[in-house]
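# Structure here, sequence nowhere to be found:
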Ligand code: ATP
């Protein structure tokens, strides 16, 4: 019988007549002899169990009273407040695990009287009992992990050892410990030449014993299609879907933390570069009264008693602000695409890094600035995020990203790209848009020829670009009203590893010409319509010539690191099938 079993309190009626459906053994004259015997036996059993439990409880109480460590471990109160006698920073330094090695670089700290003590808070990566007297734990914080020893002694009870070894993995704990140099370097942790000997240990945030997935499983690459469900070592290979369903646990994987540090750095480098060149950060609306850029791929939302739309890009607003006199603007913000395309590179919500600027002579001034911007980001990542990049690439094994020599970003005219593809055996028309496989093929050809994973394709066919794109001078000179979308345009795409990361162009800044292009574009729009009237009016008020571009932040992250899916570069990705968590 278990500790919690209760004595059997069933009362056997001795005189009551049997009810309908009475239990076996209860005859007309009351319970039978055998029923009475069974009841007595049950009673005796229950009494014995109650006695045993009382004895165990008493023993437990006594042990607790004699537990020398009773004030050194346990669960913190729900508000997480430290116990009163837990040493504060005035007595023991609080050191983050990530800073520990740096902290003890000054080796004189190891000679502190009574040994160097620290306090810290961390997560339990795992806890195991070696014996009743010894437990080993691994603590982690960020990307740092350290081995911890909990050893019974005159000052540390076996109860505390048992408590430590049974803390569920992923619980968040508060620790006071003595720092020592292990006899041999600990190979399984990132901090190898230091270990901590626990003196006090409290649980701040307890994890359930059975989490829906293990962080250790998230530390591995997502399975490629057709891969076995278990690895050679027999561990489950958790699918991307399961990981995204349990994203909070998934994000604890060290390489996932690294991915988002890299993402944040890209955004910072983007802003820093433009800030240094007199750009102004802007915030344009995400809620629009009409689907201004054409209507396809736009999400509708209910807006009080009207209909509204989520912005597909800040394009029209960026340009209106250039017309408003801001001249150099940039923005980092969410953009929404109702593209029902379940590919590895499309999200329905992603982060757009956008910019727009007036230029003085030729739109290539802007292309050059954009190239410099991308090189600033790549070089910044090499400098600031080498450790993170290496960590992610140790999981997703891809070649290092090959950068062009400074000032030598391959910039190909569209027909040149078509020729390279044709020479390699691709069938493609002069003015066809490139398919995804063709883009990848061209990326490989450029890498072979120029040794760069980054390149620019310039002057796309006018017909495959949006209505606001400026035609080339030559295209305008040979304008044919019967074929108004023929020829090329002052537009460009940027590519990393053969996949598009940015689209941009010189935009039309002259109102009449803009309205004309709107009407004659293959995907015709009405310049008088509610969504476009204000946009056209911006240019009627006189605007400078300008160009810009829109970059997908998650695409840069994915392609810099060689991730197999763009969802891995979004904290809580949104795609046609996913709106949670
Ligand atoms: P693609 O042809 O790859 O679908 P696009 O031509 O629709 O892209 P633009 O509208 O020019 O893309 O958007 C500018 C940039 O935004 C793209 O170069 C890409 O980096 C990013 N981007 C566009 N659509 C998505 C998406 N659905 N998910 C993630 N990033 C995207």
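Alright, I've got the coordinates. Remember, predicted model here, so these are calculated numbers, not experimental data. Residues are numbered from 1 along each chain as shown.

# How about the residues of this protein by the ligand?
Within the chain, the positions lying close to the ligand (Cβ under 6 Å from any ligand atom) are 337, 339, 346-347, 350, 500-503, 550-552, 554-555, 566. Every C-beta, even on glycine, is put in place using the N, C-alpha and C of the backbone.

# and the closest residue to the ligand within the stretch 51-200 of the chain, how far is that from residue 530?
The minimum distance from the stretch 51-200 of the chain to the ligand, using Cβ to the nearest ligand atom, falls at residue 143 (27.1 Å). From residue 143 across to residue 530, the span is 51 Å (Cβ to Cβ, to the nearest Å).

# one step back: and the residues of the chain next to the ligand, which of them are in helices?
Secondary structure from DSSP state H places 554-555 of the residues of the chain next to the ligand in helices.

# For the closest residue to residue 412 other than its chain neighbours, list the residues it contacts.
Nearest non-adjacent residue to residue 412, counting by Cβ to Cβ, 6 or more residues apart in numbering: residue 457, 5.6 Å away. Residues in contact with residue 457 (Cβ atoms under 8 Å, 6 or more residues apart in numbering) are 412-414, 417, 442, 492-493, 495.

# The closest residue to residue 72 other than its chain neighbours and residue 87, how far apart?
In space, and not counting its chain neighbours, residue 72 is closest to residue 200: 4.5 Å by Cβ to Cβ, 6+ apart. Residue 200 is 8 Å from residue 87, where distance means Cβ to Cβ.

# give me the element residue 88 is part of.
Counting by DSSP states H and E, no helix or strand carries residue 88.

# give me the beta-bridge partners of residue 502?
Listed beta-bridge partners, residue 502: residue 494, residue 551 (assigned using DSSP bridges).

# Could you double-check that it lies in contact with residue 549?
Yes - Residue 502 is within contact range of residue 549, at 4.9 Å (criterion: Cβ atoms under 8 Å).

# Residues that sit against both of the two, list them.
370, 494.

# which residues does the residue in the chain that the ligand sits nearest to contact?
Across the chain, the shortest distance to the ligand (Cβ to the nearest ligand atom) belongs to residue 552, at 2.5 Å. Residue 552 makes contacts with 350-353, 501-502, as judged by Cβ under 8 Å, 6+ apart.

# Scan the chain for its longest strand.
As assigned by DSSP state E, the longest strand anywhere in the chain is strand 117-131.

# Return the list of helices and strands in contact with that strand.
For strand 117-131, the packing partners by 3 or more Cβ pairs under 8 Å, 6 or more residues apart in numbering; DSSP states H and E come out as helix 100-103, strand 134-141, helix 158-165, strand 172-180, strand 195-205.

# What residues sit buried inside that strand?
Judged by neighbour count (16 or more other Cβ atoms under 10 Å), strand 117-131 contains these buried residues: 117-127.

# And stretch 79-93, by the same measure?
The neighbour-count check on stretch 79-93 (16+ other Cβ under 10 Å) flags 82, 86-87, 92 as buried.

# what distance separates that stretch from the middle of the whole chain?
Relative to its chain's centre, stretch 79-93 lies at 33 Å (Cα atoms, centre = their mean, to the nearest Å).

# can you give me the strands in the stretch 251-400 of the chain?
Along the stretch 251-400 of the chain, the stretches classed as strands by DSSP state E, counting those that start in this stretch are 280-281, 287-288, 300-303, 306-310, 328-336, 349-358.
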